[in-house]
Each structure stands twice: as C-alpha cells, then as structure tokens.
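Predicted model follows, preceded by the sequence.
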Amino acid sequence: MIGNGQRTILLTGVNGQVGFELARSLQGLGRVVAFDRSKMDLTDLDQIRRIVREVKPALIVNPAAYTAVDRAESEADLTKRINAEAPGVLAEEARRLDAALIHYSSDYVFDGSKDGAYVEDDIPNACNVYGKSKHAGEQAIAASGCAHLIFRTSWVYGARGKNFLTTMLRLGAERDELNVVADQVGAPTWSTTISAMTSSVLSQALRGEQNWWAQYSGVYHLSASGATSWCGFAQAIFERSQLEKTPAVKPIATASYPTPAERPANSRLSNRKLTAAFGLEAPAWNEALTLCMAGMI
C-alpha cells in the first residue's frame, strides 16, 4: 500500500491535460513512472498487465481516457475498451499488488435531469456512449475490491491541448461572432485544480493511518465551485483574453447545435463529500480561469 515501503507511482496519459499536470504535482510524493499512449496502449489489456507487473507501483494514477464524446457514438467498442475495460484491469492489478488506484470519471455519468447539483449517491444514468463507458469503468474498479479513489470532474480545460478554452481563443481570433450553447450548465474545471487537489489528498494518505484507504476508498466529486453555461464560459474567456478584438458571443439553445452525442443539461456536481472527507475547497470556476489565463500571457 502507498503508505508503506517504496512508493512508486505509475501515471498514465502523461501527455493529456490532467496527466501533464499530475506529472508535476505528484513530485515529492514518490517516484513517478509516467507513460503516454505510445508506451502504454490502453486498448492492449495484456500490455497493461505486463507494465504494471514490471513497475510494481504502490499507486496507479489513471487520468488517461477516450474523451472524444461525439466520435464515441460511432466507436463504442473502442470507448468501452479504454474507459471501462482498461481501468478494470488496472484495478485488478492494483488489488494483486496491494496497491491503490486513483481514477478520473465524469459528470457525463448523469443524464442531467436533476434540478440541483449531483451528489455521489445519485444513480448514474448516462445519455451517451462516453458517459456509459465512464460509469462502467467506475463499476469495474469497485468490483475489483482494490483500494481506490474515483474523482468525478466536469468540463475540464487547460492552457495546453485541445479543449474549450483553447478552441474559443482560436476561433475568437478568426471570427467576429460565435454562437455558443447557453442551456447546458456546469463547472469549468482547470486541469491544474484537479492535479493540485489530487496531490493534496495523496499527501493526507501518506500521513494517514494503516487503514486510511479502507476508510476513504470510493467516489468523490471534484470540480470547480459555482456553475455557468458554455456561453457564460466563453464570455468569461474573452473578458480575460489578450485578443485585440474579441468576438460577439451569442447564446443559442442545444437544439440549435445538434451533435451526435446527447449532452446533459445539468452537469453540476456537489463537492461536499470531498470537503467533508479531506477538508479541501475547490476554487470558484471563474477565479481558476483567471489564474489559468494569466499564465498564458
């Protein structure tokens, strides 16, 4: 277990948004052995088992995922392999090694029909292939019996890679007007927030008692505080941008922008369980956005 003996941390998806940040925030908590998809192919379950058995980690951190929500509708088997079967194998191997697993899931496990913020005990009912695959991954990890933390997050963005923030900045430099969906609500969550809070929890695990993982294993919501729409997110981005001329952002309904995958109208997640367990308060989404964009200048 991570609290005992050598602490080797196996990190997947190191070139992804969250994986890139975790490779930095996990420093000091153990020897980080990081893999990108060219070195660990999550579609190859035998390779996953071989690598885990060679590395013999005390902790596996798995931010890697298939995240192309619309393309997932036509690539259901591939999505399931990466988001459900691969985490299940990582969990089985963690159990065999008496290691722990940290895995990241999504607000998309819910259908968005609830009026208020979702809590961990709400029953998942995903409305698209991606969300169903993420829920299946959660179930596979729980069924393995390994020590684990599953962090559900939402609307992840960062200063690098392909995400809503970088897409808006690119389109904003090219166009005078952008139509953005205004009837889906959630909390944009900075990848650095996710990595920093993960590291804070792990620091507690390292200082914890022998039964820490038995006490705290489970699902936790980890998203920024507050909520906005995609349209509100876009407007906030341009308010903080360094573009010489910012585009007009026009609100539209989801029905006016049809996509292959259905999106939940309500993606709000309550962080109360996370705060109660670990004493951590996620920053407001707009404050985190300010910090993120300040670093892009």
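Structure received. All values derive from a computational prediction rather than experimental measurement. Numbering: from 1, shown residues only.

Neighbours of Glu244, how many?
As a burial measure, Glu244 scores 6 neighbours (other C-beta atoms under 10 Å). No exception for glycine: its C-beta is placed from N, CA and C like everyone else's.

do Tyr257 as well
12.

and it, what does it touch?
By C-beta atoms under 8 Å, 6 or more residues apart in numbering, Tyr257 lies in contact with 179, 181.

Count the residues that sit near Asn286.
Number of residues near Asn286 (other C-beta under 10 Å) recorded here: 17.

Nearest spatial neighbour of it, chain-adjacent residues omitted?
Computed as C-beta to C-beta, 6 or more residues apart in numbering, the closest residue to Asn286 that is not its neighbour in sequence is Ala236, at 5.7 Å.

is it true that that neighbour lies in a helix?
Yes. Under DSSP: H, G, I helix; E, B strand; the rest coil, Ala236 falls within a helix.

pretty sure it is in contact with Ala284, am I right?
No. Shown here, Ala236 and Ala284 do not form a contact pair, counting by C-beta atoms under 8 Å, at 11.0 Å.

More neighbours: which of those two?
More crowded of Ala236 and Ala284, by other C-beta under 10 Å: Ala236, with 20 against 14.

need the contact list for the more buried one.
Taking C-beta under 8 Å, 6+ apart, we find Ala236 in contact with 228, 286, 289.

how about the helices of the chain, start to end?
For the chain, the helices defined by DSSP state H occupy 17-25, 45-55, 69-72, 76-80, 86-97, 129-144, 164-174, 191-207, 212-216, 230-240, 272-278, 285-294.

quick one: low-confidence parts of the chain?
1-6, 297 (pLDDT under 70).

quick one on the thing from earlier: got TSV for the contacts of Ala236, with distance to Ser195 too?
Formatted as TSV, those follow (distance: C-beta to C-beta, whole Å):
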residue	distance to Ser195
Thr228	22
Asn286	19
Leu289	16
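
Val18: which of those residues is nearest?
Nearest to Val18 out of the contacts of Ala236 is Leu289 (C-beta to C-beta; 16.4 Å).

what's the distance between that closest one and Gln215?
Leu289 sits 34 Å away from Gln215, going by C-beta to C-beta, to the nearest Å.

okay, these two: which has more neighbours?
Remark: of Leu289 and Gln215, Leu289 carries more neighbours, 23 against 10, as counted by other C-beta under 10 Å.

didn't that one look like it was pressed against Phe238?
No. At 11.2 Å, Leu289 does not count as touching Phe238 under the criterion of C-beta under 8 Å.

dump the residue contacts of Arg272.
Here Arg272 is in contact with Val119 (C-beta under 8 Å, 6+ apart).

give me that answer again for 10 Å
Residues in contact with Arg272 (C-beta atoms under 10 Å, 6 or more residues apart in numbering) are 117, 119-120, 220-221.

of these, buried ones?
With neighbours counted by 16 or more other C-beta atoms under 10 Å, those contain buried members at 117, 220-221.

could you check the distance from the residue nearest to Asn286 over to Tyr157?
The span separating Ala236 from Tyr157 equals 11 Å under the rule C-beta to C-beta.
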